[in-house]
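Peer 1: build me a structure from this.
(chains A and B)
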Amino acid sequence: MSDVVLQTRSLVKHFKSRDGAVRAVDGVDLQLRRGETLGVVGESGCGKSTLAKLLVGLEKPTSGAIAVRGQDMVRLKGGDLRRARRNIQMVMQDPYTSLNPRMTVGDIIGEPFEIHSDVVPKGKRRQAVQDLLDTVGLNPDHAGRYPHQFSGGQRQRIGIARALALKPEILVCDEPVSALDVSIQAQVINLLERLQDDFGLSYIFIAHDLSVVRHIADRVAVMYLGKIVEQGHDVAIYDQPTHPYTQALISAVPVPDPRLRGRRDQIVLEGDVPSPADPPSGCRFRTRCWKSQHVCGEQEPVLQIRERSPHPSACHFAEVRRVR
Amino acid sequence: MTDIKGQVDALPGTDPRAPLLQINDLHVEFHTRDGVAKAVNGASFWLNPGETLAILGESGCGKSVTAQAIMGILETPPAHITQGEVRYRGVDLLKLPEAQRRKVRANRIAMIFQDALSALNPVYSVGFQLAELFRVHRGMSRGDARKRAVELLDQVRIPGAKSRVHDYPHQFSGGMRQRVMIAMALALDPEVLIADEPTTALDVTVQAQIMGLLAELRRERNMGLVLITHDMGVVADVADRISVMYAGRVVEEAPVYDIYARPGHPYTRALLESIPRLDLKGQQLSVIQGLPPALTDIPAGCAFHPRCRYAKDPCRQDPAPPAYSIAPHRTARCHFFREVLGE
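Peer 2: Numbers count the residues shown, from 1 in each chain, chains lettered A, B, ... in the order given. Modelled structure (predicted):
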């Protein structure tokens, strides 16, 4: 399959802590094809942001492999690594803290050209920055302004322009719209979709907001405590979820339609997510799961297609349940 | 319990037939270096016992400032209430001396916040903080107050309340912390609970737990709940009525079913249309052009007119549109509400 642009194999990241290791990402396999959007959803602490950092090389994996267009990012070094990293760039969550307040917007967007000096010759960088501003819907004449002179939505556009500077094929977007108001969210989502069409970009789109992910993603991976528990096309995940956690997660999302009040199949989970420093044995979800049986504590369920799950699901008792 | 309460915090002038809470034409200004920021510009709404009123709006619309004005916890200066009334059972709280006002807080009207970690004191156990309320407001002994604290933690469904009462805020998870704050707000049996973005910082599965708990407690106590939020999903799930705020004004007020079915103000309509919806996958989301106005420079006429697709000449001129009565129990501040309703 030549159109796979990004692939991870048994990707693991453990952080050392006083009492052992926090298993933030604990064996993640995923694939991203050209022009596709893979949504990654999960609650805080499930490891989705660590996964993002691993993918763009901001964290070094404890073990496992990340291949961008077939090149092993973990093994590459020096100039080869630098060139390979151009292909995968990141849009951060918080447009208020991810832009240096002392740099002009032009310098922020142009900084990647300083580091990767062979991408755009020096004389053409100003123009390149203006083109990028135009691409993301900002006024090219505002390159001399500072981040505080822009609104939240505009700042997120600046972050996107910076990520696009090196003409990557893949963008890793870590909660790119969660800090924005609804009316501004829609503008940024539309922009991301247009850029994807214009440049043939592939997205890893990480978010906790399931309705945003549903809107933008072609495929969805659901994470819980460092592992993907269910993966499939958006329709499969939202309409025929087979993992109890996915079912609970989807049913917990409030629907903006009062007529459905009290008529939805709502699963309210007990308790909180266990600590990733000391995850439960066997299936990690079993401590909050209503289907849990003896086998769940003994044997860890593998993410695979099962008798009653037409798409990969990591549950011994996987079974379709429509939750809305 | 009730006779103790009557004794402790009798409030002269209350009229049991008056609405539980009524806000009339509230104005709040902030004096800043950049000029006067008009955070609230004539907000009005009311609340009945047992009812859930959602105040819906985006950042900077004045919803939190309104809540703080009702509670009397606005920092003055820079904030000044320049006009309006906050009536609790007919008594205008803004005219009460501070000593009386303090008795209203927590006893009659209580509030919970978005960020429980910063709303709780990190150096005292949650049991101490809860017990303190009973000792100060009810003059209970240490032992009795501690007992009540355990009961309260139990009422907000914190498992193992008896032992957790000794824990400090940082030892609780986000959801559990929010429960502690709810327990604290409900300690003195208030009749009104104002919840300012109570679940915004929480994960969806925990949000579902907390919203369920709030609904249950409201029913049990026949409490009026003011839910301040930007989340139209949460509103659809729990509210009876909605007040939509924009640039410091309530631009539309309606029962929840009506507003989702047929919004009467262009802003409400645009907000509803910008939510990603199942049946519109693959299509562009409809957006509201431009940005909300700076509060130091609110446009003349209808504050929404620069972003509004229905805007015509009258919208650009003062005075701002009045609250037109567009249907029973419904108002909208839009000259062209008929067009928006699709009539």
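Peer 1: quick one: average pLDDT of stretch A:200-218?
Peer 2: Mean per-residue pLDDT for stretch A:200-218: 92.
Peer 1: please save the CA atoms from that stretch in PDB.
Peer 2: Coordinates of each C-alpha in stretch A:200-218 appear next as PDB, following Å, rounded to 0.1, in the frame of the first residue of the first chain:
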ATOM      1  CA  GLY A 200      -3.800  16.900  -0.400                       C
ATOM      2  CA  LEU A 201      -2.900  17.000   3.200                       C
ATOM      3  CA  SER A 202      -3.400  14.100   5.600                       C
ATOM      4  CA  TYR A 203      -4.500  14.900   9.200                       C
ATOM      5  CA  ILE A 204      -4.200  13.300  12.500                       C
ATOM      6  CA  PHE A 205      -7.000  15.100  14.300                       C
ATOM      7  CA  ILE A 206      -6.900  14.800  18.100                       C
ATOM      8  CA  ALA A 207      -9.900  16.000  20.000                       C
ATOM      9  CA  HIS A 208     -12.100  15.300  23.000                       C
ATOM     10  CA  ASP A 209     -15.100  16.800  21.200                       C
ATOM     11  CA  LEU A 210     -16.700  13.800  19.500                       C
ATOM     12  CA  SER A 211     -19.100  15.800  17.300                       C
ATOM     13  CA  VAL A 212     -16.200  17.900  15.800                       C
ATOM     14  CA  VAL A 213     -14.200  14.700  15.100                       C
ATOM     15  CA  ARG A 214     -17.300  13.100  13.500                       C
ATOM     16  CA  HIS A 215     -17.600  16.100  11.200                       C
ATOM     17  CA  ILE A 216     -14.000  16.100  10.000                       C
ATOM     18  CA  ALA A 217     -12.700  12.500  10.300                       C
ATOM     19  CA  ASP A 218     -12.800   9.700   7.800                       C
END
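Peer 1: gap between that stretch and the chain center?
Peer 2: Stretch A:200-218 sits 8 Å away from the centroid of its parent chain (Cα atoms, centre = their mean, to the nearest Å).
Peer 1: that stretch near chain B at all?
Peer 2: Yes. Against chain B, stretch A:200-218 shows contacts by Cβ under 8 Å from any Cβ of the partner chain at A:208, A:210-212, A:214-216. Bear in mind the C-beta positions are built from the backbone N, C-alpha and C, glycine included.
Peer 1: what's the burial count for the closest residue to chain A within the stretch 101-250 of chain B?
Peer 2: Residue nearest to chain A within the stretch 101-250 of chain B: B:Gly233 (3.2 Å; Cβ to the nearest Cβ). Here the number of neighbours of B:Gly233 (other Cβ atoms under 10 Å in any protein chain shown) works out to 18.
Peer 1: cool, A:Cys46 as well?
Peer 2: A count of nearby residues for A:Cys46, using other Cβ under 10 Å, gives 27.
Peer 1: up against chain B, what does the stretch 151-300 of chain A have?
Peer 2: Applying Cβ under 8 Å from any Cβ, one finds that the stretch 151-300 of chain A approaches chain B through A:151, A:153, A:181-187, A:189-190, A:193, A:208, A:210-212, A:214-216, A:234, A:248-249, A:252-261, A:266, A:268-269, A:271-273.
Peer 1: can you list which of these are found in helices?
Peer 2: A:153, A:182-187, A:189-190, A:193, A:210-212, A:214-216, A:234, A:248-249, A:252 (DSSP state H).
Peer 1: chain B contacts on the stretch 1-150 of chain A?
Peer 2: Checking the stretch 1-150 of chain A against chain B by Cβ under 8 Å from any Cβ, the hits are A:43-44.
Peer 1: okay, strands next: where are they in the stretch 1-150 of chain A?
Peer 2: For the stretch 1-150 of chain A, the strands defined by DSSP state E, counting those that start in this stretch cover A:4-17, A:20-33, A:37-41, A:63-68, A:71-72, A:88-91.
Peer 1: same thing with the stretch 101-250 of chain B?
Peer 2: Going by DSSP E, counting those that start in this stretch, the stretch 101-250 of chain B shows strands at B:109-112, B:192-196, B:224-229, B:241-246, B:249-255.
Peer 1: do the fourth one and chain A meet?
Peer 2: Think strand B:241-246. No. Figure legend: strand B:241-246 not in contact with chain A (Cβ under 8 Å from any Cβ); closest approach 9.6 Å.
Peer 1: quick one: that strand to strand B:224-229, angle?
Peer 2: When axes from the mean of the first three to the mean of the last three Cα atoms, to 10 degrees is applied, the directions of strand B:241-246 and strand B:224-229 differ by 40 degrees.
Peer 1: pLDDT below threshold where in chain B?
Peer 2: Where chain B drops to pLDDT under 70, the residues are B:1-9, B:278-279, B:343.
Peer 1: domain assignment for it?
Peer 2: Annotated domains of chain B cover B:2-239, B:246-341 [automatic domain parsing].
Peer 1: endpoints of the last one, how far apart?
Peer 2: What that stands for is domain B:246-341. Start-to-end span of domain B:246-341 (Cα to Cα, to the nearest Å) is 19 Å.
Peer 1: B:Pro49: what secondary structure?
Peer 2: With DSSP: H, G, I helix; E, B strand; the rest coil as the basis, B:Pro49 sits in coil.
Peer 1: ok, it touching B:Leu20?
Peer 2: Yes. Using Cβ atoms under 8 Å, B:Pro49 is in contact with B:Leu20, at 5.2 Å.
Peer 1: okay, the two: which has more neighbours?
Peer 2: B:Leu20 (21 against 14).
Peer 1: for the more buried one, list the residues it contacts.
Peer 2: B:46-49, B:88-89, B:191-192, B:224 (Cβ atoms under 8 Å, 6 or more residues apart in numbering or on different chains).
Peer 1: shared neighbours of B:Pro49 and B:Leu20, anything?
Peer 2: Listed contacts common to B:Pro49 and B:Leu20 are B:191, B:224; contacts here mean Cβ under 8 Å, 6+ apart.
Peer 1: can you verify my assumption that the residue of the stretch 101-250 of chain B closest to chain A contacts A:Pro254?
Peer 2: Yes. B:Gly233 lies in contact with A:Pro254 (Cβ under 8 Å); the separation is 3.2 Å.
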